[in-house]
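Novice: What would the 3D arrangement of this be:
(one chain, ligands or ions: 2)
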Amino acid sequence: MLASPATEPWAVVLADGATQWEARRLPKAASGRAAVELRAGERRFNGEVDATAIVRVPVGAVPSLPGVVVDRALMPEAGLWAVRSAKEGEDGLALAERLVKKIDGRTLLAVSPNFWLPHVLHNLNAPPNDTRYGGQWYLKKIGIESAWKLTSGEPSIEVTVVDDGCDLQHPDLVTKLLPGRDVVTPDDDPTYIPNQNGNEHGTACAGIVAAATNNNTGIAGTCPECKLRCVRLLSGSGELVPITADVDAFSFAMSSGSAVVSNSWGFGLGVPVPPPLKAAITTAVTVGRGGKGLVVVFAAGNAASRLKDDELPSVPGIITVGAINNFDEAAPFSNRGPSVALTAPTGTVTLDISGPQGHNATDVTVDFGGTSSSCPVVAGVAGLMLSANPLLTAAQVREALIQTARPAPFAVKDDAGHDELYGYGIVDPTAALLRVRPDWVDAGQPDAGTTDAGMVTVDAGPSVDAGGAGGGAGGSGGGAEPAVMPRGCSCEGSAGQVSFLLLAAAAVWVTWRRRSG
Ligand SMILES: [Ca+2]
Ligand SMILES: [Ca+2]
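Specialist: Ligands and ions are numbered 1, 2, ... in the order given. The predicted structure follows:
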């Protein structure tokens, strides 16, 4: 069965409608799994295979195939099942090669080996000039205080952060976390892996989404009252992770009752999304949350490259987020393409693993960055929107975010108003909230000005200079009484920090610009 790798021919091992991947065996990997080279069209990349394969059958059916044993239901709502061969010595690759020929579009729809593909985290540590400048300029930049006057979120809205695990005991997270999942081990403990470089990534993303807010500790979350669930999908950037784990992450998000899934990870540049994962995500955004769909947010990635239509950030229905700096300029690394929906500032200041673990010896880092840090900002805004109106479908949330995005000043838009780097603009939480709760406009939101057809445009917040002068007042709205009282959080505690932070951020980004060119 295992021929010499040098002479191993290409074979079709994955088919899903129009998609086909071929594979050929390489010498066995150190992991003990079979190593393979993969070919999808003109693109080639490497992975490994285990003893299992993934089949897609009609929803409601159970795979019944000759010489095949069902391993487990992967995501029944998508018709995805993990299977293995009943034949001695037939691994997942050989099984898939055999089953691909049995796809009939009726009882068997798609087949894939359970590829283990390198997963990367889209972080990028912008070197800080000086820790005195630490603070959450990025929330101020999108006018978050104006949005918080409308709502600070609801605990019933849960955001699942799929990443490299979280510090479950972090003082700024511990009260916010609901049970999570480790989809690699697998068990119910999504704790980060100790003593591993970059292990703060998941904690940093979770903090930006919904850190405990107004608690005199750490940072404020974008959605202060939303709850969090952490899923550990990988241990560190570059790790091989099986497709089944990717699907498990979304299956957990669906079954746990989450409304939003924040994903600051992806595959290596140019790797097409594995069809079983695409099917799982498509099912999540359309069938999850009682048919309203989960809001799935992905980082665009940091390769300064153009995303192809078949890559992970291009899966239809998801919200793909690029990164901007404090001057509304696209970050030099931010991937571009038709699938970029919108941009958000990078959340440089966020939670670190508490104590000596993580990026530094404290509980907070000022060095987070990349599109990894922009994605959870938008995930938090989506949490605010669903808190404001839980009946929204995922498609409605996506549409409202796009339609209310603040125009990116440096964008060169096409006829549809889209720019490949900036998407449809920069996320504007207040405008998005007023779009999905038009009745809140009538309540007299102080910063709001109505334009055409009930659409509302809102000042995204003071400029950098104005923010510096704003001092402890915290900028937008000043001391004005909120028109709609937020629940649970007035967030004054964070406001002063936010204002003073803007100058620092400017310094950091100037450095960035210099480095880029
Ligand atoms: Ca806090
Ligand atoms: Ca630490």
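
Novice: I'd say P376 and A211 touch.
Specialist: No. Applying CB atoms under 8 Å as the test, P376 and A211 come out as separate, 10.2 Å apart. From N, CA and C alone the C-beta is placed, and that goes for glycine too.

Novice: so what does whichever strand or helix holds L117 touch, helix or strand wise?
Specialist: L117 belongs to strand 110-121 when assigned by DSSP states H and E. Here strand 110-121 touches strand 11-16, strand 34-40, strand 43-56, helix 92-100, strand 239-242, helix 243-256, strand 265-267, helix 275-287, going by 3 or more CB pairs under 8 Å, 6 or more residues apart in numbering; DSSP states H and E.

Novice: Three-state assignment for the residue of the stretch 201-350 of the chain found nearest ligand 2, please.
Specialist: Of all residues in the stretch 201-350 of the chain, T203 sits closest to ligand 2, at 8.9 Å by CB to the ion. With DSSP: H, G, I helix; E, B strand; the rest coil as the basis, T203 sits in helix.

Novice: if I pick it, what's in contact with it?
Specialist: Neighbouring residues of T203 by CB atoms under 8 Å, 6 or more residues apart in numbering: G165, C166, D167, H170, L173, Y192, L351, D352, I353, G358.

Novice: Which helix or which strand is home to the last one?
Specialist: Secondary structure assignment for G358, by DSSP H and E: no helix or strand.

Novice: Please name the nearest non-neighbouring residue to it.
Specialist: E200 (3.7 Å; CB to CB, 6 or more residues apart in numbering).

Novice: Now for that neighbour, how many residues are close by?
Specialist: 28 (other CB atoms under 10 Å).

Novice: go on, R39?
Specialist: Other residues close to R39 by other CB under 10 Å number 16.

Novice: and the closest residue to ligand 1 within the stretch 201-350 of the chain, how many residues sit next to it?
Specialist: Relative to ligand 1, the nearest point of the stretch 201-350 of the chain is G218 (4.0 Å; CB to the ion). Using other CB under 10 Å, G218 has 23 other residues around it.

Novice: Enumerate the residues of the protein near ligand 1.
Specialist: Contacts of the chain with ligand 1, taken as CB under 5 Å from the ion, map to D172, A211, A212, N215, T217, G218.

Novice: check contacts around the fifth one.
Specialist: Same thing as T217. Here T217 is in contact with P171, D172, D363 (CB under 8 Å, 6+ apart).

Novice: That one falls within a helix, correct?
Specialist: No. Applying three-state DSSP, one finds T217 to be coil, outside a helix.

Novice: Against I353, how distant is it?
Specialist: 15 Å (CB to CB, to the nearest Å).

Novice: A15 too?
Specialist: A15 is 42 Å from I353, by CB to CB.

Novice: between the two, which one's more packed in?
Specialist: Legend: neighbour count by other CB under 10 Å for A15 and I353, higher for I353 (26 against 20).

Novice: Okay, and the beta partners of the residue nearest the centre of the chain?
Specialist: With distances taken as CA atoms, centre = their mean, the chain has N263 as the residue nearest its mean C-alpha position (2.0 Å). Per DSSP bridges, residues listed as beta-bridge partners of N263: V162, F298.

Novice: Might you report the residue contacts of it?
Specialist: So N263 contacts V162, D163, V296, V297, F298, A299, C375 (CB under 8 Å, 6+ apart).

Novice: ok, which pair from the residues you listed is furthest apart?
Specialist: D163 and V296 (14.1 Å; CB to CB).

Novice: quick one: pLDDT of the residue of the stretch 1-150 of the chain found nearest ligand 1?
Specialist: Closest to ligand 1 within the stretch 1-150 of the chain is Q136: 10.3 Å, counting by CB to the ion. The model reports Q136 with a pLDDT of 90.

Novice: I'd like to know how far it sits from ligand 2.
Specialist: 18 Å (CB to the ion, to the nearest Å).

Novice: Is it correct that that residue is in contact with A220?
Specialist: Yes. Using CB under 8 Å, Q136 is in contact with A220, at 6.4 Å.

Novice: Low-confidence stretches in this protein?
Specialist: Along the chain, segments meeting pLDDT under 70 span 1-7, 123-134, 442-517.

Novice: got the domain boundaries for it?
Specialist: 5-116, 122-516 (automatic domain parsing).

Novice: Please identify the deepest-packed of those domains.
Specialist: domain 122-516 (a mean of 22; mean count of other CB atoms under 10 Å).

Novice: what about it, distance to the chain center?
Specialist: Relative to the centre of its chain, domain 122-516 is centred 8 Å away, using CA atoms, centre = their mean, to the nearest Å.

Novice: Contact partners for the residue nearest to G358?
Specialist: D167, Y192, L351, D352, I353, Q357, G358, H359, T365.

Novice: out of those residues, who's near ligand 2?
Specialist: Applying CB under 5 Å from the ion to the contacts of E200, those adjacent to ligand 2 are D352, I353, G358.

Novice: which one of these sits closest to ligand 1?
Specialist: Nearest member of these to ligand 1, counting by CB to the ion, is D352, at 13.0 Å.

Novice: my guess is that closest one meets G202, correct?
Specialist: No. In this structure, D352 is not within contact of G202 by CB under 8 Å, at 11.3 Å.

Novice: what is in contact with those two at once?
Specialist: With CB under 8 Å, 6+ apart as the test, D352 and G202 reach no residue in common.

Novice: beta partners of P345?
Specialist: I324.

Novice: How much space separates it from K28?
Specialist: For P345 relative to K28 (CB to CB), the value is 46 Å.

Novice: Please apply the same query to T203.
Specialist: Counting by CB to CB, the gap from T203 to K28 is 36 Å.

Novice: Looking at the stretch 101-250 of the chain, which residue is nearest ligand 2?
Specialist: For the stretch 101-250 of the chain, CB to the ion, closest residue to ligand 2: E200, 6.9 Å.

Novice: Pull the contacting residues for C223.
Specialist: S152, G153, I157, V159, V209, A210, G380, V381, G383, L384, S387.

Novice: hmm, try it at 10 Å
Specialist: For C223, the contact set (CB atoms under 10 Å, 6 or more residues apart in numbering) comprises 144, 147-148, 151-154, 157, 159, 176, 208-211, 213, 260, 376-377, 379-387, 429.

Novice: Filter the residues you listed down to just the ones in helices.
Specialist: Mapping those onto helices (DSSP state H) picks out 144, 147-148, 208-210, 376-377, 379-387, 429.

Novice: quick one: secondary structure of W21?
Specialist: W21 - assigned by three-state DSSP - is strand.
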